[in-house]
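> Predicted model follows, preceded by the sequence.
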Amino acid sequence: MEDTICAISTSLGVGAISIVRISGPDTLKIISEIFSSDIKNVQSHTIKYGHIVDNGEVIDEVLLMIMKAPKTYTKEDIVEINCHGGINTTNKILEVLLRHGCRLAEPGEFTKRAYLNGRINLLEAEAVGELIKAKSDSKRKLSLNQLGGNLTKKINNIRDTLLGLMANIEVNIDYPEYTDNLIITEDLLRKRLGEISQNLKELVNGAKFGKIVNNGINVAIVGKPNVGKSSILNHLLDEKKAIVTDIAGTTRDIIEGTMSLNGIEVNLIDTAGIHETDDLVESLGVQKSLESIQNADVVLLVIDGSKKIDAEDKDILSKVPKDKTIIIVNKSDKLISQDIGIDLPLVYGNTMDLNGLEGLKNKLIEFFDINRINKDLTYLSSARQIDLVNKANEALEEALNNLDRKIPIDMIENNLKSCFDYLGQIIGDTYDEAVIDRLFQDFCVGK
Ligand SMILES: Nc1nc2c(ncn2[C@@H]2O[C@H](COP(=O)(O)OP(=O)(O)O)[C@@H](O)[C@H]2O)c(=O)[nH]1
Ligand SMILES: [Mg+2]
């Protein structure tokens, strides 16, 4: 981090202004060389008007935002050049900076420096990257809350408790004669671990919500041919996306579309009707339908309510995971019987009435607890964070198991140490170079 980096922080196109950002130890020296006046002694956090001049030629009329270390984004000296927008001016200024000794920043390098210099932790750095990419209100709020520090506080509280507990166990092992220290009895340890476990579970469950906000919900619409799967897709999307006919086997490939349910993205996947067929193309479609069942967060199994349930319906029913299936009894406008005889979450609906599938939307909101998701929006969310919090939870579960199995306390202490370390990795207290590099690769240049 000895070099001084620069990048265009705004998107490169025609616009009123662009911002070129510089950070590092030589920032003030380099800017003074190319600016119409010396800025080395300018007060921090001020704006200065002037010109960028290169070999006697005025490149642009600009405003400089001068921020001196350490109270800056990177904790280094930073100058942001507000220049006229447009590709030529902005690139020209970048070019002059590079010639005067700046290095072009890598994607996310300013944020990486903010992290390495201890201004933000890894969880917060990740949130910055997500905030920039956020396309919905929910995603924006989720990222902003991760940046806000509440999650970090929760993680640090658990880590502090673990650390205190480990220290106490150590003292008990090393100095058994010091009876004025708190003696960690089996009962006391069980109680403490129980408390930690509860806090961890909260994080684990929250992370499930975080994943939904980040990635949306994948919904596979399956069933035998002609029950109305494609009609349901079209109805939900309010668009004639899939072809609908009364000919069985019309849908042969996967057809996808996205709708929003209270701000949560729902990815709908219409599939080929599952049944025995000799047609090669159709059978490949059926194969894809079965695969989509595996990849879905919830399966909507569609049944034709105008007919009796038959062996084909029952066969498909045997292929879907019961814990993530909702039955849609479609064609409720011609329903022959209320009694379906299937013990799974069930909705009646049809694609003929305007709001014929409102019940389904409500069922999905209920199934994923979407109203609760939106209330808090303080969750771990990236795949990296979720993996680590699950591992931390497993380590703690193992500690509890080992306690039940009367395993020696130093082994249990190892479990607690693992739990502590996994949580530390979430906030980047301990880190692995490769993970950090991968994480910042996904960032925009200039952030
Ligand atoms: N009466 C009635 N007919 C429907 C309903 N939904 C779909 N259909 C009809 O059922 C036939 C098959 O629909 P389609 O969506 O192609 O079924 P898929 O093969 O499961 O995708 C078409 O003729 C639709 O017009 C419904 O809610 N009520
Ligand atoms: Mg279809």
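Cool, got the structure. Numbers count the residues shown, from 1 in each chain. Ligands and ions are numbered 1, 2, ... in the order given.
> Partner strands of the host helix or strand of residue 222 and their direction?
Taking DSSP states H and E as the criterion, residue 222 maps to strand 217-223. With DSSP bridges as the test, strand 217-223 is paired with strand 264-270 (parallel), strand 298-304 (parallel).
> wait, does that strand contact ligand 2?
No - applying C-beta under 5 Å from the ion, one finds strand 217-223 separated from ligand 2 by no less than 8.7 Å. Yep, even glycine has a C-beta here, placed from its N, CA and C like the rest.
> for the record, mean pLDDT for the next helix or strand after that strand?
Following strand 217-223 in sequence order, the next helix or strand is helix 229-237 (DSSP H and E). Regarding helix 229-237, the rounded mean pLDDT is 96.
> Could you do stretch 79-91 as well?
pLDDT averaged over stretch 79-91 gives 96.
> Go through it and list whatever outside residues touch any part of it.
8-10, 12-22, 27-28, 31, 39, 52, 59-67, 93 (C-beta atoms under 8 Å, 6 or more residues apart in numbering).
> again, only this time at 7 Å
8, 12-22, 27, 31, 60, 62-66, 93 (C-beta atoms under 7 Å, 6 or more residues apart in numbering).
> Ligand 2 contacts on the protein?
Residues of the chain lying close to ligand 2 (C-beta under 5 Å from the ion) are 229, 230, 251.
> Please determine how far the last one is located from residue 7.
The one in question is residue 251. Residue 251 is 47 Å from residue 7, where distance means C-beta to C-beta, to the nearest Å.
> With residue 352 instead?
Computed as C-beta to C-beta, the residue 352 to residue 7 distance reads 56 Å.
> Looking at these two, which one has more neighbours?
residue 7 (23 against 14; other C-beta atoms under 10 Å).
> Quick check: bridge partners of the more buried one?
Counting by DSSP bridges, residue 7 is bridged to residue 21.
> Assess the claim that it and residue 444 are in contact.
No - under the criterion of C-beta atoms under 7 Å, residue 7 makes no contact with residue 444, lying 9.0 Å away.
> how about the helices in the stretch 301-447 of the chain?
311-319, 358-367, 370-376, 383-404, 409-427, 433-441 (DSSP state H, counting those that start in this stretch).
> Correction: the previous question concerned the stretch 101-250 of the chain.
With DSSP H, counting those that start in this stretch as the criterion, the stretch 101-250 of the chain has helices spanning 109-116, 122-133, 137-148, 150-174, 186-215, 229-237.
> Which parts of the helix or strand hosting residue 91 count as buried, going by neighbours?
Using DSSP H and E, the element containing residue 91 is helix 87-99. Buried residues in helix 87-99, counted by 16 or more other C-beta atoms under 10 Å: 89, 90, 92, 93, 94, 96, 97.
> Reformat these as JSON lines; add distance to residue 237.
Shown next, in JSON lines, are those (distance: C-beta to C-beta, whole Å):
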{"residue": "89", "distance to residue 237": "43"}
{"residue": "90", "distance to residue 237": "40"}
{"residue": "92", "distance to residue 237": "46"}
{"residue": "93", "distance to residue 237": "46"}
{"residue": "94", "distance to residue 237": "43"}
{"residue": "96", "distance to residue 237": "50"}
{"residue": "97", "distance to residue 237": "48"}
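> What is the nearest of these to ligand 2?
residue 90 (49.9 Å; C-beta to the ion).
> what's the closest residue to residue 43 other than its chain neighbours sitting at in phi/psi?
Excluding its sequence neighbours, the residue lying closest to residue 43 (C-beta to C-beta, 6 or more residues apart in numbering) is residue 66, at 8.0 Å. Dihedral pair for residue 66: phi -110, psi 120, per degrees, to the nearest 10.
> Residue 66 and residue 270, how far apart?
For residue 66, the distance to residue 270 - C-beta to C-beta - is 56 Å.
> same question, residue 8
From residue 8 to residue 270 the distance is 42 Å (C-beta to C-beta).
> Who has more neighbours out of the two?
residue 270 (27 against 22).
> Which single residue in the stretch 301-447 of the chain comes nearest to ligand 1?
residue 350 (3.1 Å; C-beta to the nearest ligand atom).
> Can you get me a residue count around that residue?
21.
> now the strands paired with strand 217-223 in TSV, with distance to residue 286?
Output for the strands paired with strand 217-223, formatted as TSV (distance: least, C-beta to C-beta, whole Å):
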stretch	distance to residue 286
strand 264-270	13
strand 298-304	15
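> Pick the most deeply packed of these.
Neighbour counts (mean count of other C-beta atoms under 10 Å) averaged over each of these peak at strand 298-304, with a mean of 24.
> was I right about residue 313 contacting residue 305?
No - between residue 313 and residue 305 there is no contact under C-beta under 7 Å: 11.2 Å.
> hmm, back to that, can you list the helices of the stretch 301-447 of the chain in CSV and add mean pLDDT?
Formatted as CSV, those follow (pLDDT from 0 to 100):
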stretch, mean pLDDT
helix 311-319, 95
helix 358-367, 96
helix 370-376, 90
helix 383-404, 96
helix 409-427, 94
helix 433-441, 85
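> which stretch among those helices comes nearest residue 242?
Residue 242 lies closest, by C-beta to C-beta, to one member of the helices of the stretch 301-447 of the chain: helix 358-367, at 16.7 Å.
> Keep only the residues of the chain next to ligand 2 that also lie close to ligand 1.
Residues of the residues of the chain next to ligand 2 in contact with ligand 1 (C-beta under 6 Å from any ligand atom): 229, 230, 251.
> Most neighbours out of these, which is it?
residue 229 (31 neighbours).
> For it, list the residues it contacts.
Residues near residue 229 by C-beta under 7 Å, 6+ apart: 221, 223, 251, 270, 271, 273, 302.
> Tabulate those in TSV, adding columns for distance to residue 393 and pLDDT.
Output for the contacts of residue 229, formatted as TSV (distance: C-beta to C-beta, whole Å; pLDDT from 0 to 100):
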residue	distance to residue 393	pLDDT
221	33	97
223	37	96
251	41	89
270	36	96
271	34	94
273	41	92
302	36	98
